[in-house]
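Novice: No sequence on hand, only this structure:
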């Protein structure tokens with residue numbers, strides 16, 4: 001990959017320390033985005049029309065699917081680690097977990113691992129159950145140290161499938177453009193060999209081929225770790241200890257893609273194959289809406305390029321897409337250069353994560369943003385109340401247009417809000433430290449994009465944040 005940097009990824013440690021000293025710069029949320037006030041919802045007839053638009057034009061489009069897949073599945077097994085460390089304290093939870101153990105897609109492999117390790121059956125009591133859990137975590141199967149993409153999520157037609165199976169199948173289901181099915185995984189270098197081996201194995205079993213590419217977070221986007229004194233913590237060689245700069249660093253990876261349309265979806269958000277049609281149709285819906293938005297903005301762009309501003313057309317686009325499109329000629333000209341994203345939103349059912357909000361925007365007055373809790377100063381009662389009023393949740397379900405109306409590639413680094421970085425409390429060797437994360441990929445990393453929110457069914461959001469999520473109905477074979 002070409003090593004591009006922007007001001008917010010400057011290698012200067014002094015610059016990074018200055019960000020620590022400033023602290024997290026909270027975003028100003030004005031109100032939650034709701035249905036008909038920032039979130040679009042369409043009837044069945046309109047949905048079919050948008051899907052038809054996308055299907056008709058897909059053969060002419062250069063499309064790629066972008067899947068953040070870095071890091072190990074450690075968090076997925078966080079509770080399991082707690083059970084192993086204090087089994088008597090968590091006896092009820094452990095017993096409940098094993099009551100449904102045979103429903104996990106990896107159960108047969110788990111049994112084989114226990115047989116190889118000569119571990120007695122888990123029905124024999126708490127102690128054998130702990131041994132089985134260790135086989136799951138860091139012995140035998142060792143899932144906690146593997147990337148989520150390699151862990152079995154589903155059983156379909158008698159075959160165990162991982163998220164890699166699901167994402168490759170999805171690529172062919174809704175994003176096979178003029179260059180065929182294309183998918184890009186961001187995978188850390190330590191896992192890339194195992195990841196690519198499984199990808200190749202799955203591809204060999206598929207009737208249609210998918211072009212697969214990989215990248216890792218750029219080392220230039222790593223950030224320093226700060227101790228209680230405010231100074232960088234050094235290793236034994238006297239160098240500053242660096243940490244990955246969070247998923248916001250992936251804006252560089254996205255920026256390197258040569259494509260017109262990009263679908264973005266996390267590695268762990270996949271459903272059982274029996275729900276593929278539902279998933280595919282909703283992705284096509286978002287794609288059709290994106291093309292329609294882009295067509296309307298292309299018409300405005302063509303007028304502006306001739307020195308014209310049609311107030312009627314601007315107002316029609318503002319009303320149609322619920323956007324704060326500038327009416328001023330110069331502002332409109334700059335606004336129309338922005339990349340465009342259409343983001344699926346599901347009803348808020350208590351999942352942790354960000355949501356859709358109207359936020360203060362110096363350029364347009366206010367704009368639609370995906371906002372995480374960490375970005376909001378919840379000590380301010382009004383801000384906390386607005387945050388709590390969100391009716392919808394961000395499932396990371398995006399389709400993006402990253403080329404301009406002239407067909408040229410947009411430099412996505414120009415549309416980051418560099419003030420939306422995070423300062424997080426972490427620990428290093430048991431000691432409290434502070435870590436810096438760059439503006440999140442779909443938060444500050446896309447803050448200055450043209451954004452449209454669309455309600456999608458909750459059934460399209462099936463994340464596996466912890467291992468027990470694999471027992472949710474949408475992951476089971478019934």
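Specialist: Alright, I've got the coordinates. Since the model is a prediction, treat every value here as computed from it, not as a measurement.

Novice: Residue 181: which element?
Specialist: For residue 181, the element it lies in under DSSP states H and E is strand 181-186.

Novice: mean confidence for the helix or strand following that strand?
Specialist: Next helix or strand after strand 181-186 toward the C-terminus (DSSP H and E): helix 189-205. Averaging pLDDT along helix 189-205 gives 94.

Novice: ok, residues contacting helix 189-205?
Specialist: 69-70, 72, 146-147, 149-150, 162, 164-165, 168, 185, 187, 209-210, 212, 214, 216 (CB atoms under 8 Å, 6 or more residues apart in numbering). For glycine as for every other residue, the C-beta is placed from the backbone atoms N, C-alpha and C.

Novice: Which of the residues you listed fall within helices?
Specialist: Counting by DSSP state H, those place 164-165, 168 in helices.

Novice: and the gap between the residue of the chain positioned farthest from its centre and residue 135?
Specialist: Going by CA atoms, centre = their mean, the residue of the chain most distant from its centre is residue 124, 41.2 Å out. Distance, residue 124 to residue 135, using CB to CB, to the nearest Å: 15 Å.

Novice: swap in residue 63?
Specialist: Separation of residue 63 from residue 135 (CB to CB): 41 Å.

Novice: can you check residue 374 too?
Specialist: Taken as CB to CB, the span from residue 374 to residue 135 is 35 Å.

Novice: Please say which of those two ends up with more neighbours.
Specialist: Using other CB atoms under 10 Å as the criterion, residue 374 and residue 135 rank with residue 135 on top: 22 against 16.

Novice: Can you name the residues that contact that one?
Specialist: Counting by CB under 8 Å, 6+ apart, residue 135 touches 110, 113-114, 117, 119, 141.

Novice: Would you point out the most distant pair within those?
Specialist: Farthest-apart pair in those is 119 and 141; separation 12.2 Å (CB to CB).

Novice: what about the spatially closest residue to residue 444 that is not a sequence neighbour, is that helix, strand or coil?
Specialist: Nearest non-adjacent residue to residue 444, counting by CB to CB, 6 or more residues apart in numbering: residue 420, 2.6 Å away. At residue 420 the chain is in coil, as set by DSSP: H, G, I helix; E, B strand; the rest coil.

Novice: Near residue 420, how many other residues are there?
Specialist: By the measure other CB under 10 Å, the count of residues near residue 420 is 23.

Novice: Kindly state the pLDDT recorded for it?
Specialist: You'll see residue 420 listed with a pLDDT of 94.

Novice: What count of nearby residues applies to residue 200?
Specialist: 10.

Novice: Check residue 95 too.
Specialist: Neighbour tally, residue 95, other CB under 10 Å: 12.

Novice: how about it, phi and psi?
Specialist: The phi/psi pair for residue 95 (degrees, to the nearest 10) reads phi -60, psi -40.

Novice: Excluding chain neighbours, give the residue nearest to it in space.
Specialist: The shortest distance from residue 95 to any non-neighbouring residue, by CB to CB, 6+ apart, is to residue 129 (7.7 Å).

Novice: check contacts around that neighbour.
Specialist: Residue 129 makes contact with 87, 94-95, 98, 122, according to CB under 8 Å, 6+ apart.

Novice: That one - that's part of a helix, no?
Specialist: Yes - checked against three-state DSSP, residue 129 lies within a helix.

Novice: How much space separates it from residue 136?
Specialist: From residue 129 over to residue 136 the distance is 11 Å, taken as CB to CB.

Novice: same check, this time on residue 188
Specialist: With CB to CB as the criterion, residue 188 and residue 136 are 22 Å apart.

Novice: With neighbour numbers in mind, choose between those two.
Specialist: When residue 188 is set against residue 136 and neighbours are counted by other CB under 10 Å, the residue ahead is residue 136, at 24 against 15.

Novice: can you give me phi and psi for that one?
Specialist: Residue 136 adopts backbone torsions of phi -70, psi -40, taken as degrees, to the nearest 10.

Novice: Tell me how the protein divides into domains.
Specialist: Listed domain ranges for the chain are 7-60+222-241+268-475, 75-145 (source: automatic domain parsing).

Novice: what does stretch 236-248 contact?
Specialist: By CB under 8 Å, 6+ apart, stretch 236-248 touches 9, 13, 68, 70, 217, 219, 221-225, 232-235, 421-422, 426, 428, 435-441, 443-445.

Novice: From one end of it to the other, what's the distance?
Specialist: One end of stretch 236-248 to the other measures 29 Å (CA to CA, to the nearest Å).

Novice: distance between that stretch and the chain's centre?
Specialist: For stretch 236-248, the separation from the chain centroid amounts to 23 Å (computed by CA atoms, centre = their mean, to the nearest Å).

Novice: Over to stretch 298-313?
Specialist: From the chain centre to the centre of stretch 298-313 is a distance of 34 Å (CA atoms, centre = their mean).

Novice: State the mean pLDDT of that stretch.
Specialist: Per-residue scores along stretch 298-313 average to 92.

Novice: what's the answer for stretch 330-343, then?
Specialist: Per-residue pLDDT over stretch 330-343 has a mean of 97.

Novice: What ranges in this structure fall below the confidence cut-off?
Specialist: Where the chain drops to pLDDT under 70, the residues are 1-11, 351-352.

Novice: For the helix ranked longest in the chain, list every residue counted as buried.
Specialist: The single longest helix within the chain, with elements called by DSSP H, is helix 276-305. For helix 276-305, burial by neighbour count (16 or more other CB atoms under 10 Å) applies to 276, 279-294, 296-297, 300-301, 303-304.

Novice: and if you look at stretch 397-412?
Specialist: 397-403, 405, 410, 412.

Novice: What of stretch 117-134?
Specialist: Residues 119, 122, 128-134 are the ones in stretch 117-134 that count as buried (16+ other CB under 10 Å).

Novice: Residue 379 and residue 348, how far apart?
Specialist: Here the distance between residue 379 and residue 348 works out to 22 Å (CB to CB).

Novice: Looking at these two, which one has more neighbours?
Specialist: residue 348 (18 against 8).

Novice: tell me the contacts of that one?
Specialist: Residue 348 neighbours (CB under 8 Å, 6+ apart): 355, 390-393.

Novice: let's see it at 6 Å
Specialist: By CB atoms under 6 Å, 6 or more residues apart in numbering, the residues touching residue 348 are 390-393.
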